[in-house]
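A.B. asks: Requesting a structural model of the entry that follows:
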Amino acid sequence: MPPVEEHRIRCHLEHLLEEKELTLVELSTLVGISVANLSILKNNRAKAVRFSTLTALCEVLECTPGELFSLDKD
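C.D. replies: So this is what the prediction gives:
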């Protein structure tokens, strides 16, 4: 099995939740994604994100994908 490559994409879900004064549980209800999967995103452990998930998050959080994710330069 090939070695697991670390990615440099960072998710800013925690910051956006604070701005909107939402909890993960509330966001889970609004977007129809489990709290466990949102937690994986929030803690930068996700390996992939479906476009449908990204769309739902951006709609509820009123943000763009570029505000939700960024690329670490390191």
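
A.B. asks: ok, which stretches of the chain are helices?
C.D. replies: Secondary structure of the chain, counting by DSSP state H: helices at 13-20, 24-31, 35-42, 51-61, 65-68.

A.B. asks: Adding mean neighbour count, distance to Glu6 and mean pLDDT, write those out as a markdown table.
C.D. replies: For every residue, glycine as well, the C-beta is placed using N, CA and C. Below are these laid out as a markdown table (neighbours: other Cβ atoms under 10 Å; distance: least, Cβ to Cβ, whole Å; pLDDT from 0 to 100):
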| stretch | mean neighbour count | distance to Glu6 | mean pLDDT |
| --- | --- | --- | --- |
| helix 13-20 | 16 | 19 | 97 |
| helix 24-31 | 16 | 24 | 98 |
| helix 35-42 | 16 | 15 | 97 |
| helix 51-61 | 15 | 21 | 97 |
| helix 65-68 | 14 | 20 | 98 |
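
A.B. asks: need those in TSV with distance to His7, can you?
C.D. replies: TSV is the format used below for the helices of the chain (distance: least, Cβ to Cβ, whole Å):
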stretch	distance to His7
helix 13-20	16
helix 24-31	22
helix 35-42	13
helix 51-61	15
helix 65-68	15
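
A.B. asks: how near is the residue nearest in space to the middle of the chain to Val49?
C.D. replies: With distances taken as Cα atoms, centre = their mean, the residue of the chain nearest its centroid is Leu41 (4.2 Å). Remark: distance between Leu41 and Val49 (Cβ to Cβ, to the nearest Å) = 7 Å.
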